[in-house]
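>>> here is a sequence together with a model predicted from it:
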Amino acid sequence: MDRATRRKLLEYQRNEITEHHIYRKIAASMKPGKNRETIDRIARDEMRHYETWRSYTGREVRPDLVKLWFYYLISRVLGFTFAVKLMEQGEDNAQVEYRSIVARIPEAGIIVEDEIGHEEALIRLLKEESLRYTGSMVLGLNDALVELTGALAGLTLALQDTHLIALTGSITGIAAAMSMAASEYLSTKAEETSKNPVRASVYTGIAYIATVLVLITPYLILPNYYVSLGVTLTLAVLIIAFFTYYLSVVKDVPFKSRFFEMAGLSLGIAFISFLVGFALRTVFGVEV
């Protein structure tokens with residue numbers, strides 16, 4: 001075996017032992033059941049892959065602790081489905097590399113089949129309860145971004161006072177959050193679904209209020225209302241990017257089209273509201 005191939009195998013070996021420990025830690029944090037059994041099975045497969053590479057290199061390799069804790073913490077904060085699917089996306093590149101050495105190492109083909117099997121098993125078997133409520137979260141988040149960015153843009157030019165804009169925006173946002181939560185409760189209760197209406201309304205309300213707090217914050221800490229508006233719009237785009245990416249991973253939906261659609265709606269309405277605020281201020285001669 002030449003030195004370059006040996007170096008590659010050691011890298012593959014480290015990836016496999018790292019992923020084995022990641023899956024084991026995620027499984028240990030889960031309740032007993034089908035999800036945990038699936039993760040445990042994949043952890044055992046990763047160890048078998050590690051042992052295959054070790055039989056060629058003749059060396060023990062330690063896991064990448066930074067990667068291990070990174071994915072484990074992600075699983076605790078954003079859910080095990082997101083962490084595992086994000087990690088499986090990284091294995092796509094590994095599958096291509098494994099295929100490139102099948103001629104020299106036949107076992108690499110078996111490992112590729114296992115990796116593809118992991119992905120299919122995850123998509124088919126992992127069912128995280130909180131993901132049933134992503135629709136409610138999207139509803140709260142989307143409405144808050146569209147409505148509040150528009151309201152803040154209009155208020156910025158109409159009122160021209162950061163604290164007054166923050167106060168008015170907060171009242172508007174909190175009232176809208178309660179209204180959205182109530183609407184989600186009633187619509188979920190009327191549907192034939194396994195979702196709990198109370199939980200659906202709570203997810204909607206929390207997503208809405210959290211977005212309101214983030215968008216209002218620049219007006220509370222920055223003295224210039226135009227700068228505050230610019231920071232608020234930037235934060236709105238970042239929220240859209242993060243949540244769209246999250247959904248693209250856990251739901252296997254395209255990122256770009258959904259991101260540009262949502263960002264375009266929020267920024268477009270904000271621009272129109274800004275013009276409306278300017279027009280109303282000019283027509284009525286309001287000075288605050």
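Right, received. Where do you want to start?

>>> for stretch 233-251, what is the distance to the chain centroid?
Distance, stretch centre to chain centre, for stretch 233-251: 7 Å (CA atoms, centre = their mean, to the nearest Å).

>>> go on, stretch 253-264?
13 Å.

>>> for that stretch, list every residue counted as buried.
258-259, 262-263 (16 or more other CB atoms under 10 Å). All C-beta atoms are positioned from the backbone trio N, CA, C, and that covers glycine.

>>> likewise for stretch 82-91?
Applying 16+ other CB under 10 Å to stretch 82-91 flags 82-88, 91 as buried.

>>> for these, which one is nearest Pro254?
Lys85 (14.8 Å; CB to CB).

>>> which of the buried residues of stretch 253-264 sits closest to Arg14?
Phe259 (33.6 Å).

>>> need the per-residue pLDDT for that closest one.
With respect to pLDDT, Phe259 scores 86.

>>> send me stretch 210-226 as PDB with only the CA atoms.
What follows is stretch 210-226, C-alpha atoms only, in PDB (Å, rounded to 0.1, in the frame of the first residue of the first chain):
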ATOM      1  CA  ALA A 210     -38.800  35.200  19.800                       C
ATOM      2  CA  THR A 211     -38.700  36.800  16.300                       C
ATOM      3  CA  VAL A 212     -40.300  40.000  17.700                       C
ATOM      4  CA  LEU A 213     -37.700  40.200  20.400                       C
ATOM      5  CA  VAL A 214     -34.800  39.800  18.000                       C
ATOM      6  CA  LEU A 215     -36.200  42.400  15.500                       C
ATOM      7  CA  ILE A 216     -37.000  45.000  18.200                       C
ATOM      8  CA  THR A 217     -33.600  44.800  20.000                       C
ATOM      9  CA  PRO A 218     -31.700  47.100  17.600                       C
ATOM     10  CA  TYR A 219     -34.100  49.900  18.400                       C
ATOM     11  CA  LEU A 220     -33.400  49.500  22.100                       C
ATOM     12  CA  ILE A 221     -29.600  49.700  21.900                       C
ATOM     13  CA  LEU A 222     -28.900  51.800  18.800                       C
ATOM     14  CA  PRO A 223     -29.500  55.600  18.800                       C
ATOM     15  CA  ASN A 224     -30.100  56.100  15.100                       C
ATOM     16  CA  TYR A 225     -33.400  54.800  13.700                       C
ATOM     17  CA  TYR A 226     -32.100  54.300  10.200                       C
END
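
>>> let me see the mean pLDDT of it.
Rounded mean pLDDT across stretch 210-226 is 91.

>>> tell me which helix or strand of the chain sits lowest on mean pLDDT?
Least confident element among the helices and strands of the chain, by mean pLDDT, DSSP states H and E: helix 107-125 (a mean of 66).

>>> ok so, going back, among the buried residues of stretch 82-91, show me the least confident.
For those, the pLDDT minimum is Glu91, 65.

>>> find the nearest non-adjacent residue to Arg59, please.
The shortest distance from Arg59 to any non-neighbouring residue, by CB to CB, 6 or more residues apart in numbering, is to Leu10 (6.8 Å).

>>> and the one you found, what is it in contact with?
By CB atoms under 8 Å, 6 or more residues apart in numbering, the contact set of Leu10 is 53, 57, 59, 61.

>>> turn the buried residues of stretch 253-264 into JSON lines, columns for distance to Arg6.
As requested, the buried residues of stretch 253-264 are exported to JSON lines (distance: CB to CB, whole Å):
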{"residue": "Arg258", "distance to Arg6": "43"}
{"residue": "Phe259", "distance to Arg6": "42"}
{"residue": "Met262", "distance to Arg6": "48"}
{"residue": "Ala263", "distance to Arg6": "47"}
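
>>> out of the residues you listed, who's nearest Leu229?
Ala263 (16.0 Å).

>>> just the element for that closest one, please.
helix 255-284 (DSSP states H and E).

>>> so which elements touch that helix?
Where contact means 3 or more CB pairs under 8 Å, 6 or more residues apart in numbering; DSSP states H and E, helix 255-284 is packed against helix 134-159, helix 225-250.

>>> out of the ones you listed, which is closest to Ile74?
helix 225-250 (10.5 Å).
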